[in-house]
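Visitor: give me coordinates for this.
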Amino acid sequence: MSAVVLDKNLKEKSKLELPEVYKDINPHNMYLYVKSYLSGMRAGTAHTKTRSAVSGGGKKPWAQKGGGRARAGSITSPVFVGGGVAWGPKNRTNFVQKINVKQKRLALKFAINQKAEADRLFIVDSLAVESGKTKDAIKLFNGLNQRDVLFVASSFDEKTFLAYRNIQKCYLIDASEINAYLVGTYNAVVMEKDAFDKIVKEG
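Guide: A predicted model of the protein is given here:
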């Protein structure tokens, strides 16, 4: 359960052990966090009209009896095309699911631990791309030989952001933005040493 420390040539230099608090965490914390995270991303904008909200329908479509058809009182009924919707979604629904701060932290520890156990947690000195060119960032990405990568920097300037922005299979974030969902989604995680120390310290 250790992170792989890479040198400038992206070769393994050493390994960095994770603290004991990252061990033996119940995976249910990860489940609760991901469920809460995805629920919070729901827009909740789906909305339908009931028969009372649909315009029209003031006149009875046809006589109650004698036509050989089922009785009908209004064309706003859900059985008519263009009528109301029965039991449809309303935009009054709040999909947010509460999760405790302690559970959020445990979920992040669990996700990081999973990456470390799979040897897909890497530590580098810096992720900065001074040239601001995407081709230089791609060299770093390709050198890792991973399907997709989450890059975590302690901080980054605009040039570095622009260099990573257009690479489809990677995502650059600040250490303060890290969460269990992002760590779990990406195949590998690469952290700057300062960012790793900050995350471990804050717990």
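Visitor: quick check: buried residues in the helix ranked longest in the chain?
Guide: Longest helix in the chain, counting residues (DSSP state H): helix 101-117. For helix 101-117, the neighbour count (16 or more other C-beta atoms under 10 Å) marks 103-116 as buried. Backbone N, C-alpha and C define where each C-beta goes, glycine included.
Visitor: now swap in stretch 118-128 and tell me
Guide: For stretch 118-128, burial by neighbour count (16+ other C-beta under 10 Å) applies to 120-124, 127.
Visitor: distance from that stretch to the middle of the chain?
Guide: Put simply, stretch 118-128 sits 21 Å off its chain's centre (C-alpha atoms, centre = their mean, to the nearest Å).
Visitor: measure it end to end?
Guide: 26 Å (C-alpha to C-alpha, to the nearest Å).
Visitor: swap in stretch 18-27?
Guide: Using C-alpha to C-alpha, the end-to-end distance of stretch 18-27 comes out at 17 Å.
Visitor: likewise stretch 147-164?
Guide: End-to-end distance for stretch 147-164, by C-alpha to C-alpha: 15 Å.
Visitor: quick revisit: now distance to residue 151 too, for the buried residues of stretch 118-128, in a markdown table please.
Guide: Converted to a markdown table, the buried residues of stretch 118-128 look like this (distance: C-beta to C-beta, whole Å):
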| residue | distance to residue 151 |
| --- | --- |
| 120 | 13 |
| 121 | 12 |
| 122 | 10 |
| 123 | 12 |
| 124 | 9 |
| 127 | 5 |
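Visitor: need the residues you listed in TSV (columns: pLDDT, distance to residue 9 and secondary structure).
Guide: TSV is the format used below for those (pLDDT from 0 to 100; distance: C-beta to C-beta, whole Å; DSSP: H, G, I helix; E, B strand; the rest coil):
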residue	pLDDT	distance to residue 9	secondary structure
120	95	19	coil
121	96	19	strand
122	96	13	strand
123	96	15	strand
124	95	11	strand
127	93	15	coil
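Visitor: got the domain boundaries for the protein?
Guide: Here the domain parsing of the chain from automatic domain parsing is 2-25+99-202, 43-94.
Visitor: which residues make contact with stretch 187-198 from outside it?
Guide: With contacts defined as C-beta atoms under 8 Å, 6 or more residues apart in numbering, stretch 187-198 is touched by 3, 5, 16, 112, 115, 120-127, 144, 146-154, 175, 183, 199.
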